[in-house]
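Undergrad: sequence-free structure coming up:
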C-alpha cells in the first residue's frame, strides 16, 4: 500500500511541476513584452503559501488541479469608451455580465499601466504569450520521451526468433485457452523446424533488415511454400515453410484486421536499445497525431466514462483519466513487480503523455483555454493585415469579452467533465492489471 501512495504522490508532484512550468511558459513572454503580471499561482482555491517578488505574487494553492497567471487588462474597454472608465449600462443579463467583467478587469489598472495591459499588445505578442504554456508542455513531453528513448532505451524487435508457436489458434481461441491440444493443427514454423534463436535473414531470397519488413513479406506472400533464410549457430540455412492464410491484426493498427494474409507462427526477440533524436521526433509526431485524434473523439469517450461510472461497464484503457486516475496508475506502477528500470520508464512515459495531452487540450480554440486567446490574437492579426492591404483604417482590438457567455458555459462543461472523470476514477478506475 505504501508503494501505491508513494507512486501517487510522486506522480502528483511531477504533474504539479509540469503545471508550474506551463505557467512559466506564459509568465516569461508576458514579462518580456511588458505586461504587468500580478499573480503566478500553482493550484486553485485558498492560498497555501505565497511570496511577493516585485510586482508579482508567487504562490501555491490548496487544490492541485491546475494553475494560472493573472495579467492586467485581459479584456478591452468597449469601443468609444474611456479606457479608464466603464459605463454602467446593460441591455440584458449577458451584457450586464460582460460589463461587470470589464469593470473588474479595469480595476486592476493603475496610473501608468496604460501600455502594460494585455489587450494593447501586438497580436503576435498575445499569441506568443498564450501559446507559451502549451509550448512548454510540448518541450517537457519531448524531453521526457528523449530521456526514455535516448537514455534508457525502448524495447525493439530483432530478427531473432524468440518463440515458435506450436499450433494455429485464432485470437479468440488463444484467449480461451493458450495451450495446444492434441488435435490442434501445427503452425508452418513448427512443421518447418524453425527454432528459437534462429535469426531470419531473408524471405524468398530477398534480404530483410527489420522484423516489420519480414512480417510484411510473409503476409504479402499469402498461403504456399516460402523460403525462409535463417542464421543458426552462426551458419546460414534455408528452410521451406508452407505458409497458411489467416486473418491477422494490421501492423501498427491492431483494431484493423487484415484478411487472408500469410502466416508463419513466430514471435520476435525484444531487446532494449537506445535511439537517436530522429526516432524521438518521429515517435512524438505519431503520439501527437494520436492525441489529436483522441481529442476529436473526446465527447464519445466521455459517454463511455459515464457508462463506466454509473453502469459498471469496463473502462476503456485508452480513454481519458483525471489527475486522480493518472495518480492511481502511477501508484500501480510503483507497486508492481516489474523491474525498477521498467517502472522508471513507465512512470516517465506516463508523465510525458500527460504533458502532451495537456498541451494539445489547451490548444483547442475555445475560451477559457489558451487556444481561445490564441485564436483571438490570430483573428486580430488577420483583420489588421487585411485592413493594411486594402489601406483601410486599423481595426480595434478583438473583443474577447463578447465571448464571455460561451466562456462561462465552456468552463461549466469542463467542471462537469472533470468531476465525472474524478468520480469514475474513484469508483471504477482504469487498472493496469486485473
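TA: That came through fine. Here the structure is a predicted model, which is why all the values come from computation and not from measurement. Numbers count the residues shown, from 1 in each chain.
Undergrad: what sits against residue 392?
TA: residue 386 (C-beta atoms under 8 Å, 6 or more residues apart in numbering). Where C-beta positions appear, they are placed from N, C-alpha and C, glycine not excepted.
Undergrad: and it, that's in a strand?
TA: No - checked against DSSP: H, G, I helix; E, B strand; the rest coil, residue 392 lies outside a strand; its state is coil.
Undergrad: Surely residue 38 forms part of a strand?
TA: Yes - according to three-state DSSP, residue 38 belongs to a strand.
Undergrad: State the pLDDT value of it.
TA: The score at residue 38 is 91. That number is its pLDDT.
Undergrad: That one and residue 114, how far apart?
TA: For residue 38, the distance to residue 114 (C-beta to C-beta, to the nearest Å) stands at 16 Å.
Undergrad: Check residue 358 too.
TA: To residue 114, residue 358 is 34 Å away according to C-beta to C-beta.
Undergrad: more crowded one of the two?
TA: When neighbours are counted by other C-beta atoms under 10 Å, residue 358 comes out ahead of the other of residue 358 and residue 114, with 22 against 12.
Undergrad: List the residues that contact the more buried one.
TA: 18-19, 22, 134, 137.
Undergrad: how about the helix or strand hosting it: buried residues?
TA: Applying DSSP states H and E as the criterion places residue 358 in helix 340-362. Neighbour-count burial for helix 340-362, counted by 16 or more other C-beta atoms under 10 Å, picks out 343, 345-362.
Undergrad: Equivalent analysis for stretch 111-121, please.
TA: Taking 16+ other C-beta under 10 Å as the basis for neighbour counts, the residues of stretch 111-121 that come out buried are 113, 116-121.
Undergrad: So which of the residues you listed belong to strands?
TA: Secondary structure defined by DSSP state E assigns none of the buried residues of stretch 111-121 to strands.
Undergrad: Can you name the two of those residues that sit furthest apart?
TA: The largest separation in the buried residues of stretch 111-121, counting by C-beta to C-beta, is between 113 and 121 at 12.7 Å.
Undergrad: Most neighbours among the contacts of residue 358, which one is it?
TA: Top of the contacts of residue 358 by neighbour number is residue 22, holding 27 neighbours under the definition other C-beta under 10 Å.
Undergrad: who's in contact with the nearest residue to residue 316 once chain neighbours are set aside?
TA: Distance criterion C-beta to C-beta, 6 or more residues apart in numbering; nearest residue to residue 316, sequence neighbours excluded, is residue 304 at 5.3 Å. For residue 304, the contact set (C-beta under 8 Å, 6+ apart) comprises 313, 315-316, 319.
Undergrad: Which two among those are spaced furthest apart?
TA: Looking at those by C-beta to C-beta, the two members farthest from one another are 313 and 319, with 11.0 Å of separation.
Undergrad: In terms of packing, which of these two has more residues around it?
TA: Under the criterion of other C-beta under 10 Å, the comparison of residue 313 against residue 319 puts residue 319 first, with 19 against 13.
Undergrad: Tell me where the stretch 201-350 of the chain has helices.
TA: Along the stretch 201-350 of the chain, the stretches classed as helices by DSSP state H, counting those that start in this stretch are 211-221, 277-296, 298-311, 323-335, 340-362.
Undergrad: Those helices: which one's closest to residue 412?
TA: Closest among the helices of the stretch 201-350 of the chain, once you apply C-beta to C-beta, is helix 298-311, at 14.5 Å.
Undergrad: measure the nearest residue to residue 51 once chain neighbours are set aside to residue 21 for me?
TA: Ranked by C-beta to C-beta, 6+ apart and with sequence neighbours excluded, the top spatial neighbour of residue 51 is residue 58, at 5.6 Å. With distances taken as C-beta to C-beta, residue 58 is found 14 Å from residue 21.
Undergrad: Likewise for residue 301?
TA: The separation that residue 301 has from residue 21, given C-beta to C-beta, amounts to 27 Å.
Undergrad: the more surrounded of the two?
TA: When residue 301 is set against residue 21 and neighbours are counted by other C-beta under 10 Å, the residue ahead is residue 21, at 18 against 15.
Undergrad: hmm, back to that, would CSV of the helices of the stretch 201-350 of the chain with mean pLDDT and distance to residue 413 be doable?
TA: Listed next are the helices of the stretch 201-350 of the chain as CSV, based on pLDDT from 0 to 100; distance: least, C-beta to C-beta, whole Å:
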stretch, mean pLDDT, distance to residue 413
helix 211-221, 92, 42
helix 277-296, 89, 14
helix 298-311, 85, 10
helix 323-335, 83, 18
helix 340-362, 89, 13
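Undergrad: closest to residue 370 out of those helices?
TA: Within the helices of the stretch 201-350 of the chain, the stretch nearest residue 370 is helix 340-362; the backing value is 4.4 Å (C-beta to C-beta).
Undergrad: what angle do the closest one and helix 277-296 make?
TA: With axes from the mean of the first three to the mean of the last three C-alpha atoms, to 10 degrees defining the directions, helix 340-362 sits at 50 degrees from helix 277-296.
Undergrad: which residues sit against the helix or strand following helix 340-362?
TA: Sequence order places helix 370-389 as the next helix or strand after helix 340-362, per DSSP H and E. Around helix 370-389, the neighbours that count as contacts under C-beta under 8 Å, 6+ apart are 26, 123-124, 126-127, 130-131, 133-134, 362-367, 392-395, 397-398, 400, 403, 407.
Undergrad: Just the buried residues of helix 370-389, please?
TA: By neighbour count, with 16+ other C-beta under 10 Å as the criterion, the buried positions of helix 370-389 are 370-378, 380-381, 383-384.
Undergrad: Columns pLDDT on top of those, output as CSV?
TA: As requested, the buried residues of helix 370-389 are arranged in CSV below (pLDDT from 0 to 100):
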residue, pLDDT
370, 91
371, 91
372, 88
373, 89
374, 93
375, 91
376, 89
377, 91
378, 93
380, 89
381, 91
383, 89
384, 89
